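> Sequence first, predicted coordinates after that:
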Amino acid sequence: MALVPMIAAFVMYFGQIGLPEGRTHHGQLVAPGTQHSDIGLPHPGEPAKWQVVLASNASCLPCQIFGEGMQKFHTALGRERNRVVVSEVQTMTLTVSEPYIWVIDPLGNVVLKFEPGINPTLILQDLKKLLKVSKVG
């Protein structure tokens with residue numbers, strides 16, 4: 001009887017059968033194992049902290065709007081703001097030429113990416129969930 005749930009989970013995971021459609025994250029999950037250096041993003045630094053990096057270019061209006069509100073975004077993190085660094089880089093320095101907002105963990109793993117036009121509140125919700133479950137950074 002104890003093997004039935006394990007077999008069901010095995011079939012669901014590897015067969016992609018019966019997986020729930022609803023997700024609680026708003027960003028796009030990045031492939032596991034993708035490091036900041038694979039994309040050309042800056043190193044988390046010492047002491048290691050979570051990063052929210054806006055990769056923008058001159059022709060991206062949503063990037064400019066998000067860039068202007070970056071300080072407010074950082075303040076909106078509340079008591080967790082000391083664990084997060086918010087920065088901006090130009091896409092010409094990256095291996096990815098499209099503008100995105102990247103979330104990087106303190107170990108340098110790229111976790112999420114967002115379109116620049118997304119509501120910053122949705123990024124905050126995802127980031128707060130990550131900070132809640134993370135013991136690193």
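Great, that's in hand.
> so who does the residue nearest to L107 when sequence neighbours are not counted touch?
Residue nearest to L107 in three dimensions, not counting chain neighbours: V136, with 6.5 Å by CB to CB, 6 or more residues apart in numbering. All C-beta spots, glycine's among them, are computed from the backbone N, C-alpha and C. Applying CB atoms under 8 Å, 6 or more residues apart in numbering to V136 gives the contacts A48, D105, P106, L107.
> same thing but at 10 Å, please
By CB atoms under 10 Å, 6 or more residues apart in numbering, the contact list for V136 reads A48, K49, W50, R83, D105, P106, L107, N109.
> Compare these and tell me which has the most neighbours.
W50 (22 neighbours; other CB atoms under 10 Å).
> ok, the nearest residue to that one once chain neighbours are set aside - how many residues close by?
Once flanking residues are discounted, W50 sits nearest to V84: 4.6 Å by CB to CB, 6+ apart. Neighbour count for V84, taken as other CB under 10 Å: 20.
> hang on, V84 packs against A48?
No - judged on CB atoms under 10 Å, V84 makes no contact with A48 at a distance of 11.5 Å.
> now the strands for the protein?
For the chain, applying DSSP state E gives strands covering 28-29, 50-56, 84-90, 100-104, 110-114.
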